[in-house]
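Peer 1: task: produce atomic coordinates for the following.
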Amino acid sequence: MLNPSKLLFFLTLLLGTLITISSNSWFGAWMGLEINLLSFIPLMTNSKNILSTEASLKYFLIQALASAILLFAIILMHLLNNSYILLFNHFTLSTLISSSLLLKTGAAPFHFWFPGTMEGLNWFNCLILMTWQKIAPLMLLSYMLTMNFFMTLVIISSIVIGSLGGLNQTSLRKLMAYSSINHLGWMISAMMNGENLWMLYFLIYSFLSTSIILLFNILQTFHVNQNFLTMTTNSMLKSSLFLLLLSLGGLPPFLGFLPKWLIIQSLVNSNQLFIVTTMVIMTLITLFFYLRLTFSSFLLSYTEIKWNQNLVLNNFSYTLLLSLNMISILGLLMCSMIFSIF
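Peer 2: Numbers count the residues shown, from 1 in each chain. Down below sits the predicted model:
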């Protein structure tokens, strides 16, 4: 539960992001990022878990480095342009600012801290790190994104590393971290075609991640082999996880396919065929490791152990899971129907 100090830090965490995205100067944006960072550190730490202390220290050092690089680039830009407003006329400066923001989000090739940090956190903090903490850096990145060799390299490396990195993982938190890196590649590629597309992708990704992490949190599942024990007692939970993971992977009948479909269409229209081909092939690999999570416990290895306690869900949790699952399954159908009506 959130005690008063944790609640205060949680509110300042939200405030930091809001300051960043509503700021009209780079110094204001940097200040918002710092408030956000210093609010998240106390939320991460847990005296009972030594891994969380390591994760919070790692997170602080990386984010402080990224903030220092960002501040250096902002001051340099101010000295060159003699102006506080958002101006970009220097390739090196824009690359420096982009790199610091990508380091903050955990996009490849600046992803090295992300899976290790995720491993030391509880599911609630993992969710914040995967969703809310990405809003401010991505928003700043979208202001200044120009499609050049550097950004193409970032998109392709994020998608390749996010796909291949999750293949040999047994930890669910690391698996979700590599999944997040893969989705970041899609979001950055969506930015090339305007604000709306990446925001839609981010919203649907956040919704699906929240649904899956809620399920993992209810079951207190942290490793792949725990699915064999927890998933046998309740077929509803098993089916929910299976379908939500398929949706997150972007399989066509589900809601997760909608933003991927739109991005593929817009990239093909702008003749970015190499990036599209790489993205589609690598997403099939992510779909494979999502499938591997539940496939064996779902179909092949069905074991019931007498001493395994049955998980009893209250009505609220059960209804919530069912609702989230139905939105995930019927979301694409509903969107298509609304589009055809209007």
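Peer 1: looks to me like residue 109 is in a strand.
Peer 2: No: per DSSP: H, G, I helix; E, B strand; the rest coil, residue 109 lies outside any strand segment and is coil.
Peer 1: any idea how far it is from residue 6?
Peer 2: Per Cβ to Cβ, to the nearest Å, residue 109 is found 34 Å from residue 6. Any C-beta I mention is one placed from the backbone N, CA and C, and that applies to glycine too.
Peer 1: what does residue 171 give?
Peer 2: From residue 171 to residue 6 the distance is 25 Å (Cβ to Cβ).
Peer 1: same for the lowest-mean-pLDDT helix or strand in the chain, what does it pack against?
Peer 2: Between all helices and strands in the chain, the lowest mean by mean pLDDT, DSSP states H and E belongs to helix 227-230, at a mean of 73. Using 3 or more Cβ pairs under 8 Å, 6 or more residues apart in numbering; DSSP states H and E, no helix or strand is in contact with helix 227-230.
Peer 1: adjust the sequence numbering to begin at 56 for everything that follows.
Peer 2: Done: numbering now begins at 56, and the last item shifts to helix 282-285.
Peer 1: distance between the next helix or strand after it and the chain's centre?
Peer 2: Later in the chain than helix 282-285, the nearest helix or strand by DSSP states H and E is helix 290-304. Using Cα atoms, centre = their mean, to the nearest Å, the distance from the centre of helix 290-304 to the centre of the chain it belongs to is 18 Å.
Peer 1: in terms of secondary structure, what does helix 290-304 contact?
Peer 2: Secondary-structure packing of helix 290-304 (3+ Cβ pairs under 8 Å, 6+ apart): helix 250-274, helix 328-350, helix 370-396.
Peer 1: with distance to residue 284 added, can I get these in TSV?
Peer 2: Output for the helices and strands packed on helix 290-304, formatted as TSV (distance: least, Cβ to Cβ, whole Å):
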stretch	distance to residue 284
helix 250-274	9
helix 328-350	13
helix 370-396	19
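Peer 1: deepest-packed of those, please.
Peer 2: Looking across the helices and strands packed on helix 290-304 with neighbours counted as mean count of other Cβ atoms under 10 Å, the highest average goes to helix 250-274: a mean of 19.
Peer 1: how far off helix 370-396 does that one point, in degrees?
Peer 2: 160 degrees (axes from the mean of the first three to the mean of the last three Cα atoms, to 10 degrees).
Peer 1: report the angle between helix 250-274 and helix 328-350.
Peer 2: Angle between the axes of helix 250-274 and helix 328-350 is 20 degrees (criterion: the same axes, to 10 degrees).
Peer 1: can you list contacts of stretch 304-320?
Peer 2: Contacts to stretch 304-320, defined as Cβ atoms under 8 Å, 6 or more residues apart in numbering, come from residues 241, 244-245, 248, 252, 255-256, 259-260, 262-263, 298, 301-303, 331, 334-335, 338, 341-342, 345-346, 382-388, 390.
Peer 1: average pLDDT for stretch 69-89?
Peer 2: Average pLDDT, stretch 69-89: 95.
Peer 1: so what touches that stretch?
Peer 2: 90-92, 94, 122, 125-126, 129, 132-133, 139-141, 159, 187, 190-192, 194-195.
Peer 1: ok, of the residues you listed, which come out buried?
Peer 2: Using 16 or more other Cβ atoms under 10 Å as the burial test, the contacts of stretch 69-89 include 90-92, 94, 122, 125-126, 129, 132-133, 159, 187, 190-192, 194-195 as buried.
Peer 1: among these, which are in helices?
Peer 2: Counting by DSSP state H, the members of the buried ones among the contacts of stretch 69-89 that fall within helices are 90-92, 94, 122, 125-126, 129, 132-133, 159, 187, 190-192, 194-195.
Peer 1: ok, back up a step: so for residue 234, which of the helices and strands packed on helix 290-304 sits nearest?
Peer 2: When these are compared by Cβ to Cβ, helix 328-350 sits nearest residue 234, at 6.3 Å.
Peer 1: if we ignore the residues flanking it in sequence, what's nearest residue 322?
Peer 2: residue 331 (4.7 Å; Cβ to Cβ, 6 or more residues apart in numbering).
Peer 1: burial measure for the nearest residue to residue 321 once chain neighbours are set aside, as a count.
Peer 2: Nearest residue to residue 321 in three dimensions, chain neighbours excluded: residue 248, at 4.2 Å (Cβ to Cβ, 6+ apart). Neighbour count for residue 248, taken as other Cβ atoms under 10 Å: 18.
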